[in-house]
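# Structure, please.
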Amino acid sequence: MDSDRRGRVPCLLGGAVFAVCMAGTTLPTPLYGLYQQKFGFSELTVTVVYAVYAFGVIAVLLLAGNASDAVGRRPVLLVGLGFAAASATCFLCATGLGWLYAGRLLSGLSAGLFTGAATVYVMELAPPGAASRATFVATAANMGGLGCGPLLAGLLAQYAERPLHLPFVVHLALVACSAAVLLWLPETVRERRPLSTVRPQRPSLPGQVRGVFGPAAIASFVGFALFGVFTSVSPSFLAQSLDVRDHAVSGLVVALAFFASTGGQLAVGRVGVRRSLPLGCAGLLTGLALLAGALRWESLPLVVLSAVVGGAGQGLAFRGALSAVAGASPAGRRAAVISTLFVVAYAGISVPVIGVGLLAGPMGLEGAGLVFIACMAVLVTIAGVYLLRRPVPVKT
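Sure thing, here's the model as predicted:
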C-alpha cells in the first residue's frame with residue numbers, strides 16, 4: 001500500500017504543477033473591468049487582450065509542440081513556468097495597455113508549452129496499471145487549473161487589498177514552488193536529442209481522418225468560443241447589465257464553466273466516444289440557448305446554468321473529438337492531426353471573441369452576444385446533425 005501511494009505521488013505533483021500553470025492563464029479574467037477603469041479602454045480592447053493569449057498558444061503548437069519529445073519534459077515545462085512568471089510580472093508592472101498585451105502573449109506561450117508536454121508527463125509519471133487514473137489527473141489539472149484562476153483572482157480582488165497586484169504575487173509564489181517540485185521530479189524521456197532537431201509542425205490531415213475531423217473540429221471550435229466569451233466579456237456583462245460587481249461572483253461563474261467541462265470530459269468514459277460527440281453538441285446548443293435567455297432577460301441564474309450546461313457540453317464534445325480524431329489517425333501522423341485540432345480549437349477562443357468585441361460598440365454587449373450565439377448555434381447544429389447521421393467509428 002505504501003509503495004503504491006509513493007508511486008502515485010509524482011503523478012499528483014506533476015498534476016499540481018500543470019494546474020498552477022493553467023490557473024495563471026485565466027487569472028486576469030475577473031480583473032478586466034478594473035483594468036478598463038484604470039486605463040480607459042473599450043470592450044473591443046478587452047477581447048483583443050484576451051485573444052492575444054490564443055495566438056501565443058497556436059504559435060507554440062505549430063513551432064515547438066513536439067519539443068518535449070526531443071529535449072525532455074522537464075526542460076520544456078521549466079521554460080513554460082518561466083513564461084508564466086514573466087506574464088505575472090507584466091501584470092504586476094502594468095502601467096499601460098502594452099503590458100497587458102505582453103502578459104497575455106507570454107501566458108499563451110506558457111500554456112502552449114504545457115498543454116501537450118504536461119499531459120504526457122503526468123501520464124508517464126503514473127505507476128504501471130494506473131493509466132486511467134493518470135488521464136483523470138491530467139484532465140482535472142488542465143480544466144480545474146483554468147477554473148481555479150478566475151476563482152482565486154475574484155476572491156482576492158473582492159476581499160483583499162491591491163486587487164491588481166495580490167493575485168499575481170500569489171501566482172508567482174506558486175510558480176516558484178512548482179519549479180522546485182519540477183526539479184525534484186524525474187525526467188521521463190530516456191533518449192533526448194538536441195533542440196536543433198525540433199522542427200515546426202505543419203497542420204496535417206490524412207484522407208481517412210477528414211470525415212471525422214470536420215464535425216469534431218466544429219464542435220471543438222464552438223466549445224472553445226463559448227469559453228472565450230465567458231472568460232473575456234461575461235464579467236462586463238454581469239457588471240453592466242445585471243449590476244453584479246462582486247469580483248468573486250464573476251470569477252465563480254467563469255470557474256463553473258471550466259469545472260463543468262472537467263465533469264463532461266470524465267463522463268466520456270461512461271457515455272462512450274460514439275455518443276459523447278453528439279451529446280456534447282446538444283449540451284453546447286443548450287448552453288448557448290440558456291446564454292441567449294440570460295442576455296435577453298438579464299438573468300443571473302440563466303448565466304450560471306449556461307456556464308454549467310455549456311461547460312459540460314464542451315467537455316463531452318472536446319474529449320470525444322480528441323478520441324475520435326486520434327482513433328481515426330494513422331499512428332505516424334497522429335501528433336500532427338491532434339495539433340491541427342488544437343489549432344482549430346484555439347482559433348475558437350480568438351476569432352469569435354474579437355468579433356463580439358467589434359459588435360459590442362454599435363450593438364451593445366447583449367446584441368453582440370446574441371449574434372455570436374446565433375452563429376455558433378448554426379455551426380454546432382450542423383455538426384450534431386452530421387454526427388447523428390454518420391456516427392464516428394470506434395476503434396476496438
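# Please enumerate the helices of the stretch 151-300 of the chain.
166-184, 210-240, 247-271, 273-297, 300-328 (DSSP state H, counting those that start in this stretch).
# CSV for those helices, including mean pLDDT?
Formatted as CSV, these follow (pLDDT from 0 to 100):
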stretch, mean pLDDT
helix 166-184, 97
helix 210-240, 90
helix 247-271, 93
helix 273-297, 93
helix 300-328, 91
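# Same list (those) but as CSV, adding distance to Arg202 and mean neighbour count.
(Glycine included, C-beta is placed from N, CA and C.) Listed next are the helices of the stretch 151-300 of the chain as CSV, based on distance: least, C-beta to C-beta, whole Å; neighbours: other C-beta atoms under 10 Å:
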stretch, distance to Arg202, mean neighbour count
helix 166-184, 30, 17
helix 210-240, 15, 24
helix 247-271, 28, 23
helix 273-297, 26, 22
helix 300-328, 17, 24
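# what stretches of the stretch 1-150 of the chain score poorly on pLDDT?
1-7 (pLDDT under 70).
# for it, what spans make up the helices?
Assigned by DSSP H, counting those that start in this stretch, the helices in the stretch 1-150 of the chain fall at 2-26, 32-39, 43-64, 67-71, 73-92, 97-125, 131-159.
# To Leu183, which of the ones you listed lies closest?
helix 73-92 (7.6 Å; C-beta to C-beta).
# and the angle for the closest one with helix 43-64?
160 degrees (axes from the mean of the first three to the mean of the last three C-alpha atoms, to 10 degrees).
# other SSEs contacting helix 73-92?
Applying 3 or more C-beta pairs under 8 Å, 6 or more residues apart in numbering; DSSP states H and E, we find helix 73-92 packed against helix 2-26, helix 67-71, helix 97-125, helix 166-184.
# Show me which of the ones you listed has the highest average neighbour count.
Each of those was given a mean neighbour count from mean count of other C-beta atoms under 10 Å, and the largest, a mean of 23, is that of helix 97-125.
# now the angle from it to helix 131-159?
Going by the same axes, to 10 degrees, helix 97-125 makes 150 degrees with helix 131-159.
# Helix 97-125: how far from the chain's middle?
Relative to the centre of its chain, helix 97-125 is centred 10 Å away, using C-alpha atoms, centre = their mean, to the nearest Å.
# what is the orientation angle of it with helix 166-184?
30 degrees.
# Give me the helices and strands touching helix 97-125, please.
helix 2-26, helix 32-39, helix 43-64, helix 67-71, helix 73-92, helix 131-159.
# Reformat those helices into TSV and put distance to Glu124 next to each item.
Output for the helices and strands packed on helix 97-125, formatted as TSV (distance: least, C-beta to C-beta, whole Å):
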stretch	distance to Glu124
helix 2-26	9
helix 32-39	37
helix 43-64	19
helix 67-71	10
helix 73-92	7
helix 131-159	8
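# So which of these is nearest Pro235?
helix 32-39 (5.5 Å).
# so what's Tyr159 closest to, chain neighbours aside?
Ala248 (7.0 Å; C-beta to C-beta, 6 or more residues apart in numbering).
# OK, contacts around the one you found?
Taking C-beta atoms under 8 Å, 6 or more residues apart in numbering, we find Ala248 in contact with Pro30, Gly154, Leu155, Ala157, Gln158, Tyr159.
# Kindly tell me how buried the fifth one is, as a neighbour count.
In this case it means Gln158. Residues near Gln158, counting by other C-beta atoms under 10 Å, number 16.
# Isn't it up against His247?
Yes - counting by C-beta atoms under 8 Å, Gln158 does reach His247; the two are 4.3 Å apart.
# would you turn the helices and strands packed on helix 73-92 into TSV with distance to Val303?
Output for the helices and strands packed on helix 73-92, formatted as TSV (distance: least, C-beta to C-beta, whole Å):
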stretch	distance to Val303
helix 2-26	17
helix 67-71	38
helix 97-125	24
helix 166-184	23
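# what's Arg193 sitting at in phi/psi?
phi -120, psi 160 (degrees, to the nearest 10).
# For Val52, list the residues it contacts.
Contacts for Val52 (C-beta under 8 Å, 6+ apart) come out as Tyr101, Arg104, Leu105, Gly108.
# could you redo the last one with a cut-off of 6 Å?
Tyr101, Arg104, Leu105 (C-beta atoms under 6 Å, 6 or more residues apart in numbering).
# And the residues you listed, which is closest to Trp297?
Distance to Trp297 across the contacts of Val52 (C-beta to C-beta) is lowest for Arg104, with 32.4 Å.
# separation between that closest one and Leu113?
15 Å (C-beta to C-beta, to the nearest Å).
# circling back to that earlier point, quick one: closest of the helices and strands packed on helix 73-92 to Pro200.
helix 67-71 (10.6 Å).
# pull the CA atoms of that closest one into PDB?
The C-alpha coordinates for helix 67-71 follow below in PDB (Å, rounded to 0.1, in the frame of the first residue of the first chain):
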ATOM      1  CA  ALA A  67       9.900  19.900 -28.300                       C
ATOM      2  CA  SER A  68       9.500  17.900 -25.200                       C
ATOM      3  CA  ASP A  69       9.800  14.600 -27.200                       C
ATOM      4  CA  ALA A  70      13.300  15.700 -28.100                       C
ATOM      5  CA  VAL A  71      14.800  17.700 -25.200                       C
END
